[in-house]
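> turn this into a model:
(one chain, ligands or ions: 1)
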Amino acid sequence: MPRKDMPAPVGGGESEQDGASPVPGGIVDFHVHLFPDRLFEAIWDRFVTDYGWPILHRFYWREAVDHLRRRGVGPIVFSNYAHRPGVARGLNDWNRSVLDEDPDLYCFAPFHPGDDDALAVAADVLRHPRVLGFKLQLLVQRLHPHDERLFPLYELVMERGKHLLLHVGNGPVGNEFVGLDGFAKVLRRYPDLPATVAHMGALEYGGFASLLEDHPGLLMDTAFAFIPRLGSMCDIGRKRLEGLRERILYGSDFPNLLFPREDEIEHLRSLKLTDSFYRRAFRENGLALIRRACPDAPPKAEC
Ligand SMILES: [Zn+2]
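As a prediction, the model looks like this:
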């Protein structure tokens, strides 16, 4: 998720020996993007035309998964989203085929309320034991989180014990569909909404942290929020991060990165948080959420 005023990426190489996991047992990566090849290419091209940013890794889905596996990543939770009506059903067919090729993949599926059969498509994909729930990319989908057409989806997710991944913050760029205020409205209606706020709520980090403190169903993921070279890093202090350690999931945004994923891991480690924080964020919180949302297909990894 590049922003227009970011510094230029330097190099682009990644050290092969830096594959060691920061925690025993390996990482659970809760924010990976996998798309069908042509759609991936279109997204990568848009990064260049819209922002002038070449993506570091133009990896198709199998290359992306292999790359992460070689670096100590166990369960991978990927997502894709429906940028317009009419694509969710086809993407879900593709998601099912990808899930069926690799038993350690899990998925947040796309949803678009503009589809006539939106809820039926959503209920159908939830039948796959490794679909955790749904991803909404509200900035790109141009949907308010409190759009009442999303309420049946939220209710379905809660009814089935599933989870949401929401790009609902106003970073790296915002529009009228994202930000703290709209999300707070949803929480007034659904205070127990089970959802992960992507990117630590960038750029309203502290405000989203307060929402987490008030709403036990919420988590945050780290994707793109701890990269010093981006210049818009998460500004939640160490003490508050520690207080939220059961609610933070590591995510990389791989492969759509501008800088090596190791930069973010290294920065997180340099914060000198407790071992318990790292164990939870890099691994245990992810395993626990998978077990909760996908009880019929628990991760192979042992805690
Ligand atoms: Zn992402």
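
> could I get the full set of strands for the stretch 51-200 of the chain?
Using DSSP state E, counting those that start in this stretch, the strands of the stretch 51-200 of the chain run over residues 73-79, 105-109, 131-137, 163-167, 195-197.

> and the fourth one, how far out from the chain middle?
On the basis of Cα atoms, centre = their mean, to the nearest Å, strand 163-167 sits 7 Å off its chain's mean C-alpha point.

> that one pairs with which strands?
strand 131-137 (parallel), strand 195-197 (parallel) (DSSP bridges).

> what does the second one give?
The strands that strand 105-109 pairs with in its sheet are strand 73-79 (parallel), strand 131-137 (parallel) (by DSSP bridges).

> which of these sits most buried?
Mean neighbour count, computed with mean count of other Cβ atoms under 10 Å, is highest for strand 131-137 among these, reaching a mean of 26. C-beta: built from backbone N, CA, C; applies to glycine.

> quick one: contacts of that one?
Applying Cβ atoms under 8 Å, 6 or more residues apart in numbering, the external contacts of strand 131-137 come out as 77, 79-81, 83, 95, 99, 106-111, 122, 125-126, 143, 145, 150, 153, 157, 162-168, 194, 289-290, 293-294.

> pLDDT value on the residue lying farthest from the centre of the chain, please?
Going by Cα atoms, centre = their mean, the residue of the chain most distant from its centre is D116, 26.5 Å out. Predicted confidence (pLDDT) at D116: the value is 96.

> pull out the buried positions in stretch 264-281.
Of the residues in stretch 264-281, E264, I265, H267, L268, L273, F277, Y278, R279, R280, A281 count as buried by neighbour count, 16 or more other Cβ atoms under 10 Å.

> go ahead and confirm V73 touches D29.
Yes: in this structure, V73 sits in contact with D29. The criterion is Cβ atoms under 8 Å, and the distance is 5.0 Å.
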